[in-house]
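J.: next input, structure requested:
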Amino acid sequence: MRFAAGFSFKIIVALLGFLVLGPNLYAQDERQQNLENQRKRLQQEIKQINKLLFSNEKLKKSVLTEVEDLSLKIDVRRRLIRVTNEQANRLTQQINVNQRSIDRQRKELEALKKDYSEMILKSYQSKSGQSRMMFLFSSENFLQAYKRFQYLKQYTSFRKKQGELIAEKTQILQQLNLDLIAQKRKKEVLVQENKEAQDTYKKEQTSQQALVKALKKKERSFVSQIKKKQKKTAEINKEIQRLIRAAIAASNKAAGKKANAKVFTLTPEDQLISDNITANKGKLPWPVEQGIVIQRFGKQPHPVVKTAMIQSNGVTIATPESSEARAVFEGKVMSIIGFKGSNPTVLIQHGNYITTYSNLGEVYVIKGQKVKAKEKIGKIFTNPETGKTELKFSVFKNSSPTNPKGWIFRM
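T.: Now for the predicted structure:
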């Protein structure tokens, strides 16, 4: 008796094929999962924008504010449509790949079943119970009989294992079919969501265009408003940097170093805090419990009046009314500043890093006070005219502003 060589070869080929394809069919598509996470975050961001910027219809916004808010929502929805489109396209590709894999493996399974049934039939035709006994008793000696007995055992075990492999492969194909059905349903949901998002996007664009048309008539006035606002922001930024430079000079003087040095001379305790905040870069909590970034870091054109440029040393976060600002890391209150016509700003030192929290209506801390991460430092001011509650948040390394997005978790 001998094993069916052709059958063994096909089993090996089928098994190797499954081992190669299996990880691709079953492993979570990392890019698809990232897109799903992005989609959920963008959907949540739109909900927050609606809640924070569009929920109070009683308040009369200026045309400029209306366009700013609507432009923000349109931008987020545009990103949502792009992400959902990519998700649907990737699902289409994945469905096609899985369908081809299922077709290929189904053919392999059918071939395995056919070969296996032929092997069983031949086995029963050529090796009945009587012929098996004759196969053993015709041995020339005990050693040969023992070897033949072991051969029969191995052959029986081989047939059993191949039967189990076929059953297992059948179950895998059934699961792949179920996965394929789920993928198709998921794609249908995404396509419908995308259609609804695009319809809303078109309506918002129409509203935006009408507002921009009205805004054009008073563009000079709005440019003047933007410049005035920027001037006030520049004054605060200038004072923040003056205070930081003064603190740097004081730290160097205390250490007996040059007073004009541009970096802090840190005590061992401050150095430890500085090292710790650096180690936690990208993991720091938000300076508010809930909020959305409505203005990013750096030099940028105004979202509506493109001829006006904005310089932002940090980010502006819209948050619910009565929200409180909180320290993003342990540190010491370095200073509290305020200008006529502006709300207070709190500066917290974390070694050679400074975080600033502007537009507070109430301040809960005092200069020199040590604070812990997430400790509340003040209540954020709510503009009675617009109903907006906005915190301006910055991160400085010594006296140089850095992008808060790189520091705060998922900002």
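
J.: tell me where the stretch 301-411 of the chain has strands.
T.: For the stretch 301-411 of the chain, the strands defined by DSSP state E, counting those that start in this stretch occupy 309-312, 315-318, 324-326, 331-337, 345-350, 353-358, 360-363, 370-371, 376-380, 390-397, 400-402.

J.: just checking, what packs against the fourth one?
T.: Which is strand 331-337. helix 219-254, strand 345-350, strand 370-371 (3 or more Cβ pairs under 8 Å, 6 or more residues apart in numbering; DSSP states H and E). C-beta coordinates here come from the backbone N, C-alpha and C atoms, glycine included.

J.: deepest-packed of these, please.
T.: Counting by mean count of other Cβ atoms under 10 Å, strand 345-350 has the highest mean neighbour count of the helices and strands packed on strand 331-337, with a mean of 24.

J.: give me the sheet partners of that strand and which way each runs.
T.: strand 331-337 (antiparallel), strand 353-358 (antiparallel) (DSSP bridges).

J.: to Lys217, which of these lies closest?
T.: strand 353-358 (32.4 Å; Cβ to Cβ).

J.: mean confidence for stretch 384-401?
T.: On average, the pLDDT along stretch 384-401 is 94.

J.: thinking again about what came up before, could the strands of the stretch 301-411 of the chain go into a markdown table alongside distance to Thr206?
T.: Below are the strands of the stretch 301-411 of the chain laid out as a markdown table (distance: least, Cβ to Cβ, whole Å):
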| stretch | distance to Thr206 |
| --- | --- |
| strand 309-312 | 26 |
| strand 315-318 | 24 |
| strand 324-326 | 37 |
| strand 331-337 | 44 |
| strand 345-350 | 39 |
| strand 353-358 | 35 |
| strand 360-363 | 37 |
| strand 370-371 | 48 |
| strand 376-380 | 33 |
| strand 390-397 | 27 |
| strand 400-402 | 38 |
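
J.: and of the ones you listed, who's closest to Leu178?
T.: That would be, of these and by Cβ to Cβ, strand 315-318, which comes in at 43.6 Å.

J.: pLDDT wise, what is the residue lying closest to Val223 once chain neighbours are set aside at?
T.: Among residues not flanking Val223 along the chain, Ala308 sits closest, at 5.3 Å (Cβ to Cβ, 6 or more residues apart in numbering). In this model, Ala308 is scored at 82, pLDDT.

J.: what number of residues are in the vicinity of Ala308?
T.: 18 (other Cβ atoms under 10 Å).

J.: that older thread, winner for burial among the strands of the stretch 301-411 of the chain?
T.: strand 353-358 (a mean of 25).

J.: how distant is that one from the center of its chain?
T.: 25 Å (Cα atoms, centre = their mean, to the nearest Å).

J.: ok, stretch 229-247 next?
T.: 34 Å.

J.: need the strands paired with strand 345-350 in TSV (columns: mean pLDDT and distance to Pro301).
T.: TSV is the format used below for the strands paired with strand 345-350 (pLDDT from 0 to 100; distance: least, Cβ to Cβ, whole Å):
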stretch	mean pLDDT	distance to Pro301
strand 331-337	96	29
strand 353-358	98	22
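
J.: looking at the strands of the stretch 301-411 of the chain, which is closest to Ile181?
T.: strand 315-318 (41.8 Å).

J.: would you mind putting the CA coordinates of that closest one into CSV?
T.: What follows is strand 315-318, C-alpha atoms only, in CSV (Å, rounded to 0.1, in the frame of the first residue of the first chain):
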residue,chain,number,x,y,z
VAL,A,315,-4.7,77.4,19.2
THR,A,316,-8.2,78.7,20.0
ILE,A,317,-10.6,76.1,21.4
ALA,A,318,-14.4,76.5,21.5
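
J.: quick one: closest of the strands paired with strand 345-350 to Pro320.
T.: strand 353-358 (16.5 Å).

J.: in this structure the residue nearest to Val223 contacts Ser221, no?
T.: No. Counting by Cβ atoms under 8 Å, Ala308 stays clear of Ser221, with 11.9 Å between them.

J.: quick one: the residue nearest to Phe54 when sequence neighbours are not counted and Gly387, what's the gap?
T.: If the residues on either side of it in the chain are set aside, Phe54 comes closest to Asp69, at 6.8 Å by Cβ to Cβ, 6+ apart. Per Cβ to Cβ, to the nearest Å, Asp69 is found 11 Å from Gly387.

J.: who's more crowded, the two?
T.: Between Asp69 and Gly387, counted using other Cβ under 10 Å, the more crowded position is Asp69 (23 against 17).

J.: look up how far Asn313 lies from the more buried one.
T.: From Asp69 over to Asn313 (counting by Cβ to Cβ), the distance is 23 Å.

J.: reformat the helices and strands packed on strand 331-337 as JSON lines; add distance to Ile337 and mean pLDDT.
T.: Putting these into JSON lines (distance: least, Cβ to Cβ, whole Å; pLDDT from 0 to 100) gives the following:
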{"stretch": "helix 219-254", "distance to Ile337": "6", "mean pLDDT": "87"}
{"stretch": "strand 345-350", "distance to Ile337": "5", "mean pLDDT": "97"}
{"stretch": "strand 370-371", "distance to Ile337": "17", "mean pLDDT": "98"}
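
J.: I appreciate the help and will end here.
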